[in-house]
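Novice: sequence unknown, structure follows:
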């Protein structure tokens, strides 16, 4: 680790900023991890697109279809491939606490920068606050590495801003991916931004959150490598224009990406987000690869519609 547990918050405040992307995991035709393809994607994302950090083996990365050893291997690949060109945050989310802690210790030992732990599904409770306080404290007690919280509707509930504010007091909790309505993350920003970085995954809200809420971290989803190329880094450009206080310039650049956003959204089949994004990667020249069951592949017709929209969206290859 590059910091001590007691320094986790200050280290993250200084270093955990900019655009972070949630990595998709390419699988071969035989449905094994395409290690060379993943390495090439990481090199492209961090060195050519300028993405500051990568979220590894989360829901976008299909952790739910991977073994524990595969998840650990993905952590190792990411640290190796990223090198000095970016940072990593490893998804240690699982319903089984032993798995969460096993993955967290592996991430800490292999040189990852941070971990992220999704709020668990709590099927049999009608209130969650004390359970979650104990849960995240237990993770903190087991490791020194900086921890990002993650609240999303698929847990079956949303953590309240008041609860997250209490969790922000945990020594090595450094951030939250807060997938909630804007009023909730605005409230949490006011309550806890002195102790943790608050972020959400919606790219179309990112610019407003820089300008209105003084956010410095986009954590994170796949748009950073789906709406940009080595020759067309408009998300990077509008982000840094906003950071520099050039709001009008940032807004104009961001608005120019609307055709790209629309092409991605309207061609994505509701049951096939991963396969659609991987095919879009291939159109960009990245390594997309296959998905694993239970996910479905695109049909030829879906690929044709996506390719047509891609060719007309205005991205410069």
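Specialist: That came through fine. The structure presented is a predicted model; accordingly, all values stated were derived computationally and were not measured. Numbering: from 1, shown residues only.

Novice: In stretch 82-99, which residues are buried?
Specialist: By neighbour count on 16 or more other Cβ atoms under 10 Å, the buried set for stretch 82-99 is 82, 86, 87, 88, 89, 90, 91, 92, 93, 94. All C-beta spots, glycine's among them, are computed from the backbone N, C-alpha and C.

Novice: ok, the nearest residue to residue 147 once chain neighbours are set aside - contacts?
Specialist: Leaving aside its sequence neighbours, residue 147 sits nearest to residue 173 (Cβ to Cβ, 6 or more residues apart in numbering; 5.1 Å). Remark: with contacts taken as Cβ atoms under 8 Å, 6 or more residues apart in numbering, residue 173 is in contact with 9, 136, 140, 146, 147, 148, 149, 167, 195, 196.

Novice: In terms of helices and strands, where is the third one?
Specialist: Same thing as residue 140. If you go by DSSP states H and E, residue 140 is part of helix 129-142.

Novice: Please tell me how far residue 159 sits from residue 127.
Specialist: Taking Cβ to Cβ, to the nearest Å as the measure, residue 159 falls 12 Å from residue 127.

Novice: ignore the last one, residue 29
Specialist: Taking Cβ to Cβ, one finds residue 29 at 47 Å from residue 127.

Novice: got it, and residue 293?
Specialist: 35 Å.

Novice: likewise residue 63?
Specialist: 28 Å.

Novice: Those two: which is more packed in?
Specialist: More neighbours surround residue 63 than the other of residue 63 and residue 127, with 21 against 9 (other Cβ atoms under 10 Å).

Novice: so what's the nearest residue to that one once chain neighbours are set aside up against?
Specialist: In this structure, residue 63 finds its nearest non-sequential neighbour in residue 57, 4.6 Å apart by Cβ to Cβ, 6+ apart. Contacts of residue 57 were listed using Cβ under 8 Å, 6+ apart, and they are 23, 25, 63, 66, 71, 74, 75, 90, 91.

Novice: List the residues that contact the first one.
Specialist: In this case it means residue 23. Residue 23 neighbours (Cβ under 8 Å, 6+ apart): 38, 41, 42, 45, 54, 55, 56, 57, 60, 61, 78.

Novice: Where do the strands of the protein begin and end?
Specialist: 18-22, 53-56, 87-91, 114-118, 146-151, 173-178, 197-199, 217-221 (DSSP state E).

Novice: Could you identify which of these has the lowest mean pLDDT?
Specialist: Note on the strands of the chain: strand 217-221 shows the lowest mean pLDDT, a mean of 95.

Novice: Quick check: neighbours of it in the sheet, parallel or antiparallel?
Specialist: As defined by DSSP bridges, the strand partners of strand 217-221 come to strand 18-22 (parallel).

Novice: Please point out which parts of the strand it pairs with sit buried.
Specialist: Buried residues in strand 18-22 (16+ other Cβ under 10 Å): 18, 19, 20, 21, 22.

Novice: what's the burial count for residue 274?
Specialist: Residues near residue 274, counting by other Cβ under 10 Å, number 23.

Novice: actually residue 137, sorry about that
Specialist: 15.

Novice: Could you check the pLDDT of it?
Specialist: Reported pLDDT for residue 137: 98.
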